[in-house]
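[1] Here is my input, please return the structure:
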Amino acid sequence: MRAEPMVPPDRLAALRAPFLATGAEAVDAPLLQPLGLLLDLAGEALRARLFVVQAEGGAELCLRPDFTVPVARLHLDRSASAGRYMYEGKVFRAAPEGADQAEEFLQIGLEQFDAGGGDAEAADAGVVAVAWR
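    So this is what the prediction gives:
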């Protein structure tokens, strides 16, 4: 498994700053995620890109391929009407055979959930603008 090179701490701080400036809550997600949920959302074809483990008793889990689904689950578990969450951590995706891609890399981002009534396109554009910074 090829990992991305380490990012210097000052670079990480610069990447985090625009996300934290939004007032987003910093959250983490478990490294192991329920496989069934991801496959239900994205389809069985995704399995080839995941690192799957089987727990005692047969439950299948996978290494976190990204943060979107786990952060959405966190938001739903809180029964919150709105929320903005900043995340940072390692994610894992199996590279296609012969590809020279890292299979372990750092992901930093922002997820925003509105209680409805807002302009979804404007909200998405706002998140993209923050990421661009």
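[2] Please make it C-alpha for all contacts and neighbour counts, starting now.
    Fine.
[3] Distance from the chain centre to the lowest-mean-pLDDT helix or strand in the chain, please.
    For the chain, counting by mean pLDDT, DSSP states H and E, helix 120-132 ranks last in confidence among helices and strands (a mean of 82). In terms of Cα atoms, centre = their mean, to the nearest Å, the centre of helix 120-132 is set 17 Å apart from its chain centre.
[4] what helices or strands is that helix leaning on?
    Helix 120-132 sits against helix 9-21, strand 104-113, with contacts defined as 3 or more Cα pairs under 8 Å, 6 or more residues apart in numbering; DSSP states H and E.
[5] Let's see the last one as PDB, backbone CA atoms only.
    What it means is strand 104-113. The C-alpha atoms that make up strand 104-113 are tabulated as PDB, following Å, rounded to 0.1, in the frame of the first residue of the first chain:
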ATOM      1  CA  GLU A 104      -3.600   6.000   2.000                       C
ATOM      2  CA  PHE A 105      -3.900   9.700   2.000                       C
ATOM      3  CA  LEU A 106      -5.000  12.700   4.100                       C
ATOM      4  CA  GLN A 107      -8.400  14.200   3.500                       C
ATOM      5  CA  ILE A 108      -9.500  17.600   4.800                       C
ATOM      6  CA  GLY A 109     -12.900  19.000   4.100                       C
ATOM      7  CA  LEU A 110     -16.200  20.500   5.200                       C
ATOM      8  CA  GLU A 111     -19.700  19.100   5.200                       C
ATOM      9  CA  GLN A 112     -22.600  21.500   5.600                       C
ATOM     10  CA  PHE A 113     -26.200  20.500   6.300                       C
END
